[in-house]
Each structure stands twice: as structure tokens, then as C-alpha cells.
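the sequence and its predicted three-dimensional model are supplied below.
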Amino acid sequence: MAMNHLSLLRPLLCQSLLRQVRSPLVATSRVNAPLLYPNTTFYPSACTRLYASKKAKAKAKGQSAKGQSAKVNINADLVEDIISLDEVNKDMTAVLNALKEDFTRNLSIRTSPGALDHIVVTTQDGKFPLNHLGQVSMKSPQLIMVNMSSFPEATAAATRALRESSMNLNPEVDGTIIKVPVPKVTREHRENLAKLAKQLGNKAKDSLRKVRANAVTKVKTVKEGHSEDTIRLVEKQIQQMADNIVHNIDTQLAAKTKELLG
């Protein structure tokens, strides 16, 4: 008899417990009570979906990235009969150095006579740096003077070189003296220099891609007599070297842009 009463009470107890633990975010619906319990409300049990934790996802992602970015370090002497990795590295480094030189020559904020050192003057006798032909001095913060008395015949060529430079200069000639007013560095001018810096950076990356492509082509032409794994590792090493130079180019560009924009 007691067991029968307990059976009758079980649905009521379950209903009470469900009401206490049921979350407002979980949608529930009423279902018709069995005929044996006409006054009782039943709720279907909610399904629980398990998700991977953020920590587990991050760990899996890190392991995957680690596997994809595994570094290679080939002994250059062992693959010298395939390609000279030292020569490839030298060519790639030359691209980076050329970019640094371009930044120094074309993207200087004019504050000293040294800002004109990169100006190259084309004469009948050849090309010469401006500071080899004339004496450059700072007359005032707004005026640079170039004394061409040592090579007066190059005065016109020097004036033309200054005017045609990317520095937005408007030199004036007074005998063998070239007066170079230093224009105020406006925000617009700084932004234009920053755009030029980006163009030079992209140009450097194009040159780097050509170096990498030429190196890979050379590797493919001499792959006979070498295992596919060896050739693949050499190509990966070349790509890795190029990636390092790209990183350095981006670093140089970011630093120069920050300097120009102030």
C-alpha cells in the first residue's frame, strides 16, 4: 500500500524539483499528463550540449600553428651543389639595405644641411653628390646655402637637381651661391612622405619576390639527383629567408612612418 502511495507522489516530487532547477534560458513545454495523473504537469527533460572550452580550442590552435610554422635550418654547405643560400641571403639583404637608403635619401624631414647629402648632380663629366661639388651650410633654420665656387660650371646642374628632387625645394641662384629655402613641414607634406614610404616598401617587396622566385627556379632546374624531400626543404629555407626580410621591411616602414607623421 505504501509503495502505491509513493508511486502516486513521485510525479509531484519530480515536478517540484524541475521547477527549482529549470533555467529561464531553457525553453520548456507542457505535455499532456498520462491518464493516470490527470492533474499533473510534466516537462520534457532538456538535452545538454557539450562544447570545447576556450582554453582547449586555443591549445589545439597553438599546436596546429606550431606544426605549420616549423623552422628549417639547412647547412648551406650541404646544399651548395643545388644553390648558394649565402648568395640568396646576400641578394635579399641588399633589397632591405636599398630600402633603408631610399628612406634616408628621399624621406628626410629637412632640419640640417645633411638632408641634402643624397642629392646627386648630373654633369657632363658624370654624376656627383651635391656635397662633393659645393659646400653646404645652414644659414638659418629656414635657409640652406650651397656655395658652388669650387665648381661654378656645375651651378645650373646642381640647381636643377635640387628642384627635381622629391623634397619639394625651390632653390634660388645668386652667382655661385644657391639659396635653398626650407619650406615649413606641413601635415599634408608629412602625409605625402608617409605615402611615398609605403610605395617604396611595396617596391622593395616586389624586388624581394623576384629574388625568391629566381632562387626557387634555380633549385628546380638542378633537382635531378636529389631527393624530393631535400628540394622541398631548400625551397622552404628560401621562403623562410624571404619571410624574415619581409618582416624587417615592415619594421623599417612602421618606424619611418611614425617618424614622418610625428
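On my side now, so go ahead. For clarity, every value in this text was computed on a predicted model and none was experimentally measured. Numbers count the residues shown, from 1 in each chain.

check contacts around the nearest residue to residue 85 once chain neighbours are set aside.
In space, not counting the residues next to it along the chain, residue 85 is nearest to residue 76; the distance is 4.3 Å by CB to CB, 6 or more residues apart in numbering. Bear in mind the C-beta positions are built from the backbone N, C-alpha and C, glycine included. Shown here is residue 76, whose contacts under the criterion CB atoms under 8 Å, 6 or more residues apart in numbering are 84, 85, 86.

the helices in the stretch 1-150 of the chain, which residues?
Shown for the stretch 1-150 of the chain, the helices assigned by DSSP state H, counting those that start in this stretch span residues 2-21, 54-68, 85-106, 130-133.

quick one: average confidence on the shortest one?
Averaged across helix 130-133, pLDDT comes to 93.

how much space between residue 163 and residue 172?
According to CB to CB, to the nearest Å, residue 163 and residue 172 sit 10 Å apart.

what of residue 82?
The separation that residue 82 has from residue 172, given CB to CB, amounts to 59 Å.

same check on residue 129?
According to CB to CB, residue 129 and residue 172 sit 21 Å apart.

quick one: which of these two has more around it?
Remark: of residue 129 and residue 172, residue 129 carries more neighbours, 14 against 11, as counted by other CB atoms under 10 Å.

residues near the closest residue to that one other than its chain neighbours, how many?
Once flanking residues are discounted, residue 129 sits nearest to residue 120: 6.0 Å by CB to CB, 6+ apart. The number of residues packed near residue 120 is 12, by other CB under 10 Å.

mind listing what residue 120 touches?
Applying CB under 8 Å, 6+ apart to residue 120 gives the contacts 127, 128, 129, 130, 161.

distance of the nearest residue to the second one once chain neighbours are set aside relative to residue 73?
Going back to what we said before, that points to residue 128. Sequence neighbours aside, residue 121 is the residue nearest to residue 128 in space, at 5.4 Å (criterion: CB to CB, 6+ apart). Distance, residue 121 to residue 73, using CB to CB: 47 Å.

neighbour-wise, which of the two wins?
residue 121 (24 against 8).

so who does the more buried one touch?
With contact set as CB under 8 Å, 6+ apart, residue 121 has these partners: 127, 128, 129, 130, 133, 154, 157, 158, 161.

now which of those residues would you call buried?
When the contacts of residue 121 are checked for burial by 16 or more other CB atoms under 10 Å, the buried set is 128, 130, 133, 154, 157, 158, 161.

domain parsing for the chain?
The chain resolves into domains spanning 76-107+186-261, 113-181 when parsed by the TED database.

off-centre distance for the shortest one?
Centroid separation for domain 113-181 versus its chain: 36 Å, with CA atoms, centre = their mean, to the nearest Å.

strands of the stretch 101-250 of the chain, start to end?
According to DSSP state E, counting those that start in this stretch, the stretch 101-250 of the chain carries its strands in the segments 120-123, 126-129, 135-140, 143-147, 172-174, 177-181.

contacts for the fifth one?
By that I understand strand 172-174. For strand 172-174, the surrounding residues in contact (CB under 8 Å, 6+ apart) are 155, 156, 159, 178, 179, 180, 181.

now the fourth one: how far from residue 119?
Applying CB to CB, one obtains 11 Å for the distance of residue 178 from residue 119.

likewise for the last one?
Remark: distance between residue 181 and residue 119 (CB to CB) = 15 Å.

next: the third one.
According to CB to CB, residue 159 stands 11 Å off from residue 119.

higher neighbour count, those two?
residue 119 (23 against 19).
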